[in-house]
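S.K.: Here is my input; please provide its structure:
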Amino acid sequence: MTLNEFDAIIFDSDGVLVDSEIIHIAVERELLAEIGLTYSFEAYVSRFVGLSMPDYFAALEHDHRNKFGRPFPTNFEDELTGRVWPRIETELQAIPGVSDLVSEFQGAVAVASSAPLERLMKKLKLTELEHLFAPHIYSAQAVEKGKPAPDLFLYAADRIAVPPNKCLVIEDSENGVRAGCAAGMTVIGFTGGGHADANLGARLSSAGAHRILSSHADLLR
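M.R.: The predicted model follows:
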């Protein structure tokens, strides 16, 4: 696999462009444990990372009703936002090598993230990455079905006018890998985020990733 085989790279954002998943996962698991929902790190990452916010909260609602027989707390999202964003604003860093990869690649680039657009844009601005991808920055809010459905990647490919089979996807989540594969794209499973555990590469391979890389520099090489 070489970069010149592709006409576009479509990047996930959290855990691929910005090292935010480690923050989100820590705060989310902490707050969920406080209301009685506990998950191992690997189980949590496998199931929830990469989902759109509506799908994430629907899954938590299901688990909470099954365990406690009552609705999921309505104030959870506000509490989560209040805890996680102060950390994002002070701790968030870009994943190393993003600028070099985008500068070296001769084709189109885009972002396709499950995050709400306002939060996605804020993270890219905080890490000074927005200019590398604008205007091709797309959120799951633009499509009916989020990852693991292929809709968002197909939407991004349509916007940059590149056939899916000429798009390379970089993803750090099993849900994202499944989405890229379902879109008919070549998918790199990325393990360079701070949240990556020892088994992430194997899980991404099992989800369908065509290659596992631990840094953007590896792709350039």
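
S.K.: isn't residue 36 right up against residue 67?
M.R.: Yes - at 6.8 Å, residue 36 counts as touching residue 67 under the criterion of C-beta atoms under 8 Å. Every residue, glycine included, has its C-beta placed from N, CA and C.

S.K.: tell me which residues in the helix or strand where residue 24 lies are buried?
M.R.: In this assignment (DSSP states H and E), residue 24 forms part of helix 21-34. Neighbour counts over helix 21-34 (16 or more other C-beta atoms under 10 Å) mark 21-29, 31-32 as buried.

S.K.: What ranges does this protein have for its strands?
M.R.: 8-11, 108-113, 137-139, 167-171, 186-190, 211-213 (DSSP state E).

S.K.: Next, the contact list for the residue of the chain positioned farthest from its centre, please.
M.R.: Farthest-out residue of the chain from its mean C-alpha position, per C-alpha atoms, centre = their mean: residue 69, at 31.1 Å. Neighbouring residues of residue 69 by C-beta atoms under 8 Å, 6 or more residues apart in numbering: there are none.

S.K.: how much space between it and residue 63?
M.R.: Residue 69 sits 12 Å away from residue 63, taking C-beta to C-beta, to the nearest Å as the criterion.

S.K.: what about the helices in this protein?
M.R.: 21-34, 41-48, 53-68, 76-91, 98-104, 117-126, 130-133, 151-160, 174-182, 200-207, 216-220 (DSSP state H).

S.K.: which of those helices is buried the deepest?
M.R.: helix 174-182 (a mean of 26; mean count of other C-beta atoms under 10 Å).
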